[in-house]
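Sequence first, predicted coordinates after that:
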Number of protein chains: 2
Amino acid sequence: MNHLKTPLFDQLVLHSEKQPISFHVPGHKNGSIFPQKGQDYFHSLLKLDMTELTGLDDLHSPEGIIFEAEALLAELYRTIKSFFLVNGSTAGNLAMILATLNKDDHVLVQRNSHKSIMNGIRLANAQPVYLYPEYVQGPMVASGVSLETVRTAIKKYPQAKALILTYPNYYGMVYNLEEIIKLAHEHQIPVLIDEAHGVHFISGEPFPQSALTLGADVVVQSAHKTLPAMTMGAFLHYNSSLVSIEKMRYYLQVLQSSSPSYPIMASLDLARSYLATFDKQDINALTREIEVFRDELNSIEGLSVSPVGNGDPLKMIVQSSEQMTGFDLQKRFEMQGVFQELADPLNVLFVLPLLKEGMPFPFKPTVQRIKRAVEAKVPFQKIAGIKDPSTLSKIITPAVTFEEMLIMKTTFVPLLEAKGRICAETIIPYPPGIPLFLPGEKIQATEINHLMNLLRQGAKVQGGERVANQEICVFL
Amino acid sequence: MNHLKTPLFDQLVLHSEKQPISFHVPGHKNGSIFPQKGQDYFHSLLKLDMTELTGLDDLHSPEGIIFEAEALLAELYRTIKSFFLVNGSTAGNLAMILATLNKDDHVLVQRNSHKSIMNGIRLANAQPVYLYPEYVQGPMVASGVSLETVRTAIKKYPQAKALILTYPNYYGMVYNLEEIIKLAHEHQIPVLIDEAHGVHFISGEPFPQSALTLGADVVVQSAHKTLPAMTMGAFLHYNSSLVSIEKMRYYLQVLQSSSPSYPIMASLDLARSYLATFDKQDINALTREIEVFRDELNSIEGLSVSPVGNGDPLKMIVQSSEQMTGFDLQKRFEMQGVFQELADPLNVLFVLPLLKEGMPFPFKPTVQRIKRAVEAKVPFQKIAGIKDPSTLSKIITPAVTFEEMLIMKTTFVPLLEAKGRICAETIIPYPPGIPLFLPGEKIQATEINHLMNLLRQGAKVQGGERVANQEICVFL
């Protein structure tokens, strides 16, 4: 296998170098027709923004350069078949669910999954059984589900048609996935993994093991999150005898543009090559850089960086040691031009670069900026008491089904009076994009408190038509 | 209204100029981490490949620069609300169908619709009533449906919940949409239009009228097809009192990446501004350029360019006057570095640039290249007899429903023996991406002939697992 090969990117460059004349879409005609204002940024890449011309293959029926590029991807991840995605992990998550589940099938699904997982289950008209995750005490964030929870769930729903988990979580934390997959497979239940944040795990230690190595049936990865790929570029890996690959192909072409972006696909080809050539020396150099950076951040008074543990070393959780909320910390960092992945009530999350040896990254000036940010004498709100949101029961099914919801009437009630009502809308703090409220669920006091807390601190929220007025939509 | 405004693009540039440090996704960190090989092409645009940072808004819950950019779009098209799409017209077509149709609803749908329309109807589990189009004799291509066909269909299915049409067709041809919309609205049936190829029609004469001007409820446009937007950039226009906008929003966030591409969105912002400032002078200049080009092509012996008629002047249908197939003509053009949108048994289709006054485009050298292509003494197959594929009945429902299909068994039979069987797969010549065979339909002799003809001439086909072996999947 030649890791340096990039058949898709190379062929696009070859086509472009021939100075072809375009009487085809897109309308910018190889970049020659474009507003002057945008030329500096767009000009070079538009030369590769092609369509399904002779020699450039077809994502939805690949037999040339896209087929080759996907084969190199499958070789790297050792899968039966791997697919390039151009509509993000969203399309991959929807497709793997629709390919696996039929109407009314029971599905065991981690409750803190990304909204695309929940949307997929609803599109499939399947019946979700929510598995609640464990909580990690320091940063107070939800991680994965326990083996025990899965065991109990399978005992209760042995007829379940899939187990859908997220691995790692947004913060790079992992859990005992290997045993969980073994258990599911003993019951012929396929395991579908949203590995959006773990595309680089295949590089080996010190990264956690990839869900593919651990035996998962289908794995979806956001290539753009940690690899050098354009946003919306993602991978779907198929490695199963329990899921139909024909159905997978069908839904992938249903859910992705029939004019997929060649720049995004070419960036996936380059990103795969980048990862495949990421070697031991690179890992050592990167590990050193991260250690130095962490130590320097930890030496700043008022800041505390969590130890990596056995999670992803590319994720760094930064807290204020002076009870400043993550949101306030984020604002201060941003004032100094340092932008991070997300803030939550306690933490700020950094996603570090997957640097190769010799590649420069401005860690040093960043430490200076962060120091200035922390030292700024700006008054701030202290963290409000954050309660452990763990639920007593780890396995909960919605109070009403999707079909019942279709004919039920709804109304808005004040959030503070919503406890015990059946929720009729989705409310999603974004990032991370994990639904706090889902239609059909009985509303709990802990969730109300959590949302009130987020709103008070200025968190961004998707859905929730009147959430700004502290109202929530419930079923009558 | 200031047409020159591009709030989304401008803010991205502002953010980039601050030289921010990225501890967020995407993994290329503002373009700083990227394979050397791809730097020349990708570097400049990756500076704008951002994520939902403070100040950069959120496509799925817009209230800042994306909200403003979409408002400018709505102003230009005079709609209630217009949306940016990043997963092509595919996402828009699926969303408008899922937002309008419930399970088992009847829907009147043009039979030569794009596959995304058919996929949407199947996802919605609605019941399609296919309306067959008229044929245009010269180029022998399907155009739109007649008012008479729609009138008969509504009489037969007055309970239909939507009428879904394509306007213009792939070749830029239009039809009497205004009267059809009026008729549908008299019966409270919303009209959903796939206007993938008509995003520029709003500029006025000599372009045909936009489906929005003619009163359509929802219109989806591939901005990237004729405007200077990146591939996968599209618009959805909502202008209805018959369709729910909440459902539309819901499905748009379901079907599009939760990490939408900022370069694609910024290109939509720039493209809208480009179109909004396309003035009378530009139209005159463009019209002159096209006339000269057409005359010069027509003066080449062996070539014939169809008159534009009342269709889109940006589309040009080129035929051989020596009975050469479109596919053969295409190959010859490509040998000379001239690439076109598509070929079919009779024609080659050019999509011309939406040039502004003073913008150069290599029409002159192209004429020389095309001349060389036509003069090349390469032997070719003469066009086989092409029959008028018009069906006797213009209104046909599938022989079996989607639900019945789920439990029916299938087998493969030779294509030439498939007449009268019920088709169990989708076979799509691509481009144009319009399904020739659809599951549930009784297979007709004209369709078999057409497919055999396409295969013989080397047309590209999506779907059809064993179509290369001249076999087709049918229900037992």
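Okay, I see it.

Residue numbers of the stretch 101-250 of chain A in contact with chain B?
A:102, A:114-116, A:119, A:123, A:222-232, A:246 (Cβ under 8 Å from any Cβ of the partner chain). Where C-beta positions appear, they are placed from N, C-alpha and C, glycine not excepted.

Weed out the non-buried ones from the residues you listed.
Buried members of these, counted by 16 or more other Cβ atoms under 10 Å in any protein chain shown: A:114-116, A:119, A:123, A:222-232.

what two of those residues are the furthest from one another?
Greatest spatial distance among these (Cβ to Cβ): A:L123 and A:P228, at 31.7 Å.

Looking at the buried ones among the residues of the stretch 101-250 of chain A next to chain B, which one is closest to B:L436?
Ranked by distance to B:L436 (Cβ to Cβ), these are led by A:L123 at 27.1 Å.

List the residues that contact the closest one.
A:94, A:97-98, B:123, B:254 (Cβ atoms under 8 Å, 6 or more residues apart in numbering or on different chains).

just the helices in the stretch 151-300 of chain A please.
A:177-186, A:223-226, A:245-255, A:262-276, A:280-298 (DSSP state H, counting those that start in this stretch).

Output the contacting helices and strands for the first one.
Taking 3 or more Cβ pairs under 8 Å, 6 or more residues apart in numbering or on different chains; DSSP states H and E as contact, the helices and strands that helix A:177-186 lies on are helix A:147-156, strand A:162-166, strand A:191-194.

What angle do strand A:162-166 and the longest one make with each other?
Relative orientation of helix A:147-156 and strand A:162-166, computed by axes from the mean of the first three to the mean of the last three Cα atoms, to 10 degrees: 160 degrees.

List the buried residues in stretch A:196-214.
A:196-203, A:207-214.

tell me the mean pLDDT for the helix or strand harbouring A:S116?
Here A:S116, judged by DSSP states H and E, is contained in helix A:115-123. Mean pLDDT, helix A:115-123: 97.

how about the CA coordinates for it, as CSV?
C-alpha atoms of helix A:115-123 as CSV (Å, rounded to 0.1, in the frame of the first residue of the first chain):
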residue,chain,number,x,y,z
LYS,A,115,-29.0,15.0,17.4
SER,A,116,-28.4,13.3,14.1
ILE,A,117,-28.7,9.9,15.8
MET,A,118,-32.0,10.9,17.4
ASN,A,119,-33.2,12.3,14.0
GLY,A,120,-32.3,9.1,12.3
ILE,A,121,-34.3,7.0,14.7
ARG,A,122,-37.3,9.2,14.2
LEU,A,123,-37.0,9.1,10.4
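
now the angle from it to strand A:162-166?
Put simply, helix A:115-123 runs at 160 degrees to strand A:162-166, going by the same axes, to 10 degrees.

Who are the packing partners of the following helix or strand past helix A:115-123?
Downstream of helix A:115-123, the first helix or strand assigned by DSSP H and E is strand A:127-131. Applying 3+ Cβ pairs under 8 Å, 6+ apart, one finds that strand A:127-131 contacts strand A:106-110, helix A:147-156, strand A:395-396.

same thing but at 10 Å, please
When contacts are defined as 3 or more Cβ pairs under 10 Å, 6 or more residues apart in numbering or on different chains; DSSP states H and E, strand A:127-131 packs onto strand A:106-110, helix A:115-123, helix A:147-156, strand A:162-166, strand A:395-396, helix A:402-407.

gap between the two ends of stretch A:156-169?
End-to-end distance for stretch A:156-169: 26 Å, by Cα to Cα, to the nearest Å.

Just the buried positions in it, please.
Buried residues in stretch A:156-169 (16+ other Cβ under 10 Å): A:157, A:160-169.

could the residues you listed be laid out in TSV, adding pLDDT?
What follows is the buried residues of stretch A:156-169, written out as TSV (pLDDT from 0 to 100):
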residue	pLDDT
A:Y157	98
A:A160	98
A:K161	98
A:A162	98
A:L163	98
A:I164	98
A:L165	98
A:T166	98
A:Y167	97
A:P168	97
A:N169	95
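
Name the nearest of the residues you listed relative to B:C473.
A:K161 (24.5 Å).

give me the low-pLDDT residue ranges for the stretch 1-150 of chain A?
The model of the stretch 1-150 of chain A has pLDDT under 70 over residues A:1.

Now do the strands in it.
Per DSSP state E, counting those that start in this stretch, the stretch 1-150 of chain A carries strands over the ranges A:21-23, A:81-85, A:106-110, A:127-131, A:135-136, A:141-142.

can you put these in TSV and add mean neighbour count?
Below are these laid out as TSV (neighbours: other Cβ atoms under 10 Å in any protein chain shown):
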stretch	mean neighbour count
strand A:21-23	23
strand A:81-85	24
strand A:106-110	24
strand A:127-131	23
strand A:135-136	16
strand A:141-142	22
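
Of all the ones you listed, which one comes closest to B:Y175?
The minimum distance between B:Y175 and those falls on strand A:21-23, with 24.4 Å, by Cβ to Cβ.

If you count contacts, what does the closest one end up packed against?
Under the contact criterion of 3+ Cβ pairs under 10 Å, 6+ apart, strand A:21-23 touches strand B:315-320, strand B:338-340, strand B:347-351, helix B:363-375.

The shortest one vs chain A: in contact?
Right, strand B:338-340. Yes: judged by Cβ under 10 Å from any Cβ of the partner chain, strand B:338-340 comes into contact with chain A at B:338-340.

Could you turn the buried ones of those residues into a ChimeraX selection?
The buried residues among the residues of strand B:338-340 next to chain A can be selected in ChimeraX (16+ other Cβ under 10 Å) with this line:
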select /B:338,339,340
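
residue contacts, the one residue sitting closest to the centre of chain A?
The structure's chain A has its C-alpha centroid closest to A:A196; by Cα atoms, centre = their mean the separation is 3.7 Å. Neighbour list for A:A196: A:88-90, A:92-93, A:114, A:116, A:166-170, A:219-226, A:234, A:432-433, B:25, B:258-259 [criterion: Cβ atoms under 10 Å, 6 or more residues apart in numbering or on different chains].
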